[in-house]
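Student: Structure here, sequence nowhere to be found:
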């Protein structure tokens, strides 16, 4: 499972909307396509990208294809984002403290 594929799939608002819908539960391709003003082949292309990024699973059920969310890829992306959020938050806090200290030191040195 590649973070690059995950974030590339998440970069499109239609795909994010599809994932949001699937977070509520399984749906057929037709049900997923309903709120969008795009063709079924276009929805299928979006679903293929999501499937290749391992964000969803598509299964044939009779004449219909049902889709469901696969949360593992989202969990991995969330963990990556959380790590970097903590890292940069801590780094920026330390930089802010340093700049405050520098400003205070300059103020103390003025005659």
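Tutor: Alright, I've got the coordinates. Model, not experiment: these values are computed from the prediction.
Student: Of all the residues in the longest helix seen in the chain, which ones are buried?
Tutor: Counting residues, the longest helix found in the chain (DSSP state H) is helix 71-109. Residues of helix 71-109 classed as buried: 73-74, 77 (neighbour count, 16 or more other C-beta atoms under 10 Å). Yep, even glycine has a C-beta here, placed from its N, CA and C like the rest.
Student: same deal with stretch 39-58?
Tutor: For stretch 39-58, by 16+ other C-beta under 10 Å, it's 43, 46-47, 49-50, 53-56, 58.
Student: Which one of the residues you listed is nearest to residue 28?
Tutor: Closest approach between the buried residues of stretch 39-58 and residue 28, by C-beta to C-beta: residue 58, at 10.0 Å.
Student: picking that back up, from the chain's centroid, how far away is the longest helix of the chain?
Tutor: 21 Å (C-alpha atoms, centre = their mean, to the nearest Å).
Student: I'd like the buried residues of helix 71-109 as TSV, with pLDDT and distance to residue 22 appended.
Tutor: Output for these, formatted as TSV (pLDDT from 0 to 100; distance: C-beta to C-beta, whole Å):
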residue	pLDDT	distance to residue 22
73	77	12
74	84	11
77	85	15
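Student: Give me the subset of the buried residues of stretch 39-58 that lies in helices.
Tutor: Using DSSP H, those in helices are 43, 46-47, 49-50.
Student: I'd like the buried residues of helix 71-109 laid out as CSV, including distance to residue 27.
Tutor: As requested, the buried residues of helix 71-109 are exported to CSV (distance: C-beta to C-beta, whole Å):
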residue, distance to residue 27
73, 18
74, 17
77, 22
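Student: Can you tell me which of the residues you listed lies closest to residue 100?
Tutor: residue 77 (34.2 Å).
Student: Wait, the closest one touches residue 4, no?
Tutor: No - contact criterion C-beta atoms under 8 Å: residue 77 and residue 4 do not qualify, at 10.5 Å.
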